[in-house]
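*Asks:* A predicted structure for the sequence below; I have some questions about it.
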Amino acid sequence: MKRLFSMAALVALATGGAASQATAATATAALDANSAYVWRGLTFNNGFVLQPSMDVSHNGFAFNVWGNYDVDDYDGALNDNRFSELDLTGSYAFKLGSVDASVGVIHYLFPEAAEGADDYTTELFAGLSYDLGAGFAISTKLYYDIDAVSDYYITAGLGYTYSINDKTTLGLSGLISYAGEDFSSYYAGGTDSGFFNYTLTTSVKYMVTDAFGIGANINLTDSLDDNALPDEAVHTNVFGGISLTYTF
């Protein structure tokens, strides 16, 4: 029932309000090529991956499809040249005064999961962000897993953007997270709740045309508390890649 409810919620979020003005929707296709797949500080693949995505939005509603394609096999731990993960996300963004807010649901699918392992899970999320001015913004986001484990993961971040010129934008950001004990145990083999990971990111994006952009990023991540995110779950601290985006 949870799975059926999650998929129904995704469809509702993706299509709500779009019927009357479907032609006004915006779609963005993207392809990221990264040196590793790191999720919330956890190394899922320490080798080369491709991560295509498609995002469609309209009047605050959005639907996103994202995939991770493992080119490398993580020293034999993965099947190479396969999609190991597909994510379906439905969301709604809105204003709370001067604060930007969003709510949504993410349905994770793992087509290469080992026999007996969970091949899907679902998270609900809610986020807030506030523009501080001068290119700075703060944000926080709460995720709650309702399938594989009933527990939370929360982030707090600070970001800075700077327009180098009309076509080029520089981004700097930092994020820290806190996770519940069950989340930590299930995903990382941790023994307690606590501060989970931090990530520092530097990125640059160049708009070749109004629709087509090229970007690059480099990231530094590590555990904040070994009881929540044990060091053995973090095999990659520095990773990065390039991205291509096209908006129609």
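*Replies:* Nice, I can see it.
*Asks:* what about V204, how many neighbours?
*Replies:* 15 (other C-beta atoms under 10 Å). Every C-beta, even on glycine, is put in place using the N, C-alpha and C of the backbone.
*Asks:* list the buried ones in the helix or strand that contains it?
*Replies:* Assigned by DSSP states H and E, V204 falls within strand 194-207. Buried residues in strand 194-207, counting neighbours by 16 or more other C-beta atoms under 10 Å, are found at 194, 196-199, 201, 203, 205, 207.
*Asks:* adjacent strands (with direction) for that strand?
*Replies:* For strand 194-207, the paired strands and their directions (DSSP bridges) read strand 168-179 (antiparallel), strand 212-223 (antiparallel).
*Asks:* compare those strands and give me the one nearest L78.
*Replies:* strand 212-223 (19.7 Å; C-beta to C-beta).
*Asks:* pull out the buried positions in the closest one.
*Replies:* Residues 213, 215, 217, 219, 221, 223 are the ones in strand 212-223 that count as buried (16+ other C-beta under 10 Å).
*Asks:* try stretch 33-41
*Replies:* 34-38, 40-41.
*Asks:* to V65, which of the strands paired with strand 194-207 lies closest?
*Replies:* For V65, the closest of the strands paired with strand 194-207 is strand 212-223, at 19.2 Å, according to C-beta to C-beta.
*Asks:* mind saving the C-alpha coords of the closest one as PDB?
*Replies:* The C-alpha trace of strand 212-223 is given here as PDB (Å, rounded to 0.1, in the frame of the first residue of the first chain):
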ATOM      1  CA  PHE A 212      22.100  25.200 -23.500                       C
ATOM      2  CA  GLY A 213      24.500  25.300 -20.500                       C
ATOM      3  CA  ILE A 214      27.800  23.600 -19.600                       C
ATOM      4  CA  GLY A 215      28.900  23.300 -16.000                       C
ATOM      5  CA  ALA A 216      31.600  21.800 -13.800                       C
ATOM      6  CA  ASN A 217      31.900  21.100 -10.100                       C
ATOM      7  CA  ILE A 218      34.200  19.800  -7.400                       C
ATOM      8  CA  ASN A 219      33.100  18.500  -4.000                       C
ATOM      9  CA  LEU A 220      34.700  17.700  -0.700                       C
ATOM     10  CA  THR A 221      32.700  15.500   1.800                       C
ATOM     11  CA  ASP A 222      33.400  13.600   5.000                       C
ATOM     12  CA  SER A 223      31.800  12.200   8.100                       C
END
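*Asks:* where in this structure is pLDDT low?
*Replies:* 1-23 (pLDDT under 70).
*Asks:* identify the residue nearest the geometric centre of it.
*Replies:* W39 (7.8 Å; C-alpha atoms, centre = their mean).
*Asks:* so what touches stretch 66-83?
*Replies:* 37, 44-53, 84-87, 89, 111-112 (C-beta atoms under 8 Å, 6 or more residues apart in numbering).
*Asks:* out of these, which are inside strands?
*Replies:* Within these, residues falling in strands by DSSP state E are 37, 44-45, 49-53, 84-87, 89.
*Asks:* kindly calculate the angle that the helix or strand containing G159 makes with strand 168-179.
*Replies:* Using DSSP H and E, G159 sits in strand 151-163. When axes from the mean of the first three to the mean of the last three C-alpha atoms, to 10 degrees is applied, the directions of strand 151-163 and strand 168-179 differ by 160 degrees.
*Asks:* could you list the buried residues of strand 151-163?
*Replies:* Neighbour-count burial for strand 151-163 [16+ other C-beta under 10 Å]: 151-155, 157, 159.
*Asks:* ok, the residues you listed vs E181, which is closest?
*Replies:* Checking these one by one against E181 (C-beta to C-beta), the nearest turns out to be D151, at 7.2 Å.
*Asks:* got the contact list for the strand holding V204?
*Replies:* 40-42, 153, 164, 167-179, 184, 188, 213-225, 227-229, 234, 243.
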